[in-house]
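Enquirer: task: produce atomic coordinates for the following.
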Amino acid sequence: MINQDEIGENHIATNAENPIRNDAFELTDDRKIELIKKNVEDILNTLGMDLTDDSLKGTPNRVAKMFVKEIFGGLNPVKKPNSSTFKNNYKYGEMLVEKNITLYSTCEHHLLPIIGRAHIGYISNGTVVGLSKMNRIVDYFAKRPQVQERLTMQIVQELQKVLNTDDVACVIDAKHLCVNSRGIRDIESSTVTSEFGGKFKDGKTRREFLDYIKLDTKF
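Expert: Model (predicted):
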C-alpha cells in the first residue's frame with residue numbers, strides 16, 4: 001500500500017504527466033475562483049483567523065484569483081504559448097544555450113514554492129525558435145502543481161516537438177520551500193534535475209553544455 005506522506009516528504013513522482021482530471025476545464029475561471037474563495041475562507045476560519053479584519057477580508061479572493069489566473073494558470077492548455085519557429089537560414093550548426101531562465105513553480109505535495117533557474121540547450125535540425133519562446137515554455141509548464149523531474153522532462157519534450165529534433169537538453173537547479181521552510185528546514189540545499197535528448201546523450205556534447213551553464217554538478 002502506498003504511503004502518501006512518505007511520497008510527499010520524499011518528492012516521489014507517481015505520474016510522468018500532470019494528474020489532471022478529464023473534467024478539469026468544464027468550470028469557468030470565474031466559477032473556480034468563487035469556489036476556491038469559499039474553501040480558503042473555510043481554512044482561515046478553521047485556523048481561527050478573524051476574516052472581518054481589514055487585512056484579511058480580501059485574502060480568500062486574492063488567493064483564489066492567484067491560483068486560477070497566475071500560479072496554476074499553466075494547467076489550462078488554452079494558455080500554452082504559440083512557439084513560432086523559423087528556418088535556420090544562417091546555417092548555424094552549433095549548440096544554442098539559453099541559461100538562467102527564472103523559474104517559479106509550486107510543489108504538488110505541499111503547495112509551496114519552487115524557485116530556481118532553468119538552462120536549455122538545443123542543436124538546430126534546420127529550425128530555430130525565438131529566444132523568448134523558451135522562457136515562455138518554461139513558465140507555462142512551471143505554472144502548475146509540479147514535481148521538478150516531471151517539469152524538466154516536459155520542457156525538453158515540448159521543445160523537441162517544436163524544433164522537430166531530439167537534440168534538446170534542460171537542467172533545472174531550484175530550491176523547494178517545502179524543504180527549506182518546513183520539515184528538515186535546510187535553507188542551503190537545492191535540487192538539480194536534468195533531461196538530455198539526442199546528441200546531448202553523448203558525453204562530449206553533454207560536457208560542453210554543462211560548461212556553458214557553469215554548473216558544477218556531475219551527471
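
Enquirer: only C-alpha atoms for contact and neighbour calcs from this point on.
Expert: Noted.

Enquirer: next one, pLDDT for the closest residue to residue 16 other than its chain neighbours please.
Expert: Leaving aside its chain neighbours, residue 16 sits nearest to residue 150 (5.9 Å; criterion: Cα to Cα, 6 or more residues apart in numbering). On pLDDT, residue 150 comes in at 97.

Enquirer: make sure residue 150 is actually in contact with residue 105.
Expert: No. Using Cα atoms under 8 Å, residue 150 makes no contact with residue 105, being 11.9 Å away.

Enquirer: look at these two and report which has more neighbours.
Expert: Neighbour tally, residue 150 and residue 105, criterion other Cα atoms under 10 Å: the higher count belongs to residue 105, 28 against 19.

Enquirer: wait, isn't that one in contact with residue 138?
Expert: No. Look at residue 105 against residue 138 with Cα under 8 Å: they stay out of range, at 9.7 Å.

Enquirer: quick one on the thing from earlier: so where does the residue nearest to residue 16 fall, helix or strand?
Expert: helix 148-163 (DSSP states H and E).

Enquirer: now that helix: how far from the chain's centre is it?
Expert: Its chain's C-alpha centre and that of helix 148-163 lie 10 Å apart, by Cα atoms, centre = their mean, to the nearest Å.

Enquirer: helices and strands around it, which ones?
Expert: Other elements packing on helix 148-163 under the criterion 3 or more Cα pairs under 8 Å, 6 or more residues apart in numbering; DSSP states H and E are strand 127-129, helix 131-142, strand 168-176, strand 191-196.

Enquirer: what's the most buried one of those?
Expert: Greatest average neighbour count among these goes to strand 168-176 (a mean of 24), per mean count of other Cα atoms under 10 Å.

Enquirer: by how many degrees do the one helix or strand residue 118 maps to and helix 131-142 diverge?
Expert: Taking DSSP H and E as the criterion, residue 118 maps to strand 113-123. Relative orientation of strand 113-123 and helix 131-142, computed by axes from the mean of the first three to the mean of the last three Cα atoms, to 10 degrees: 140 degrees.
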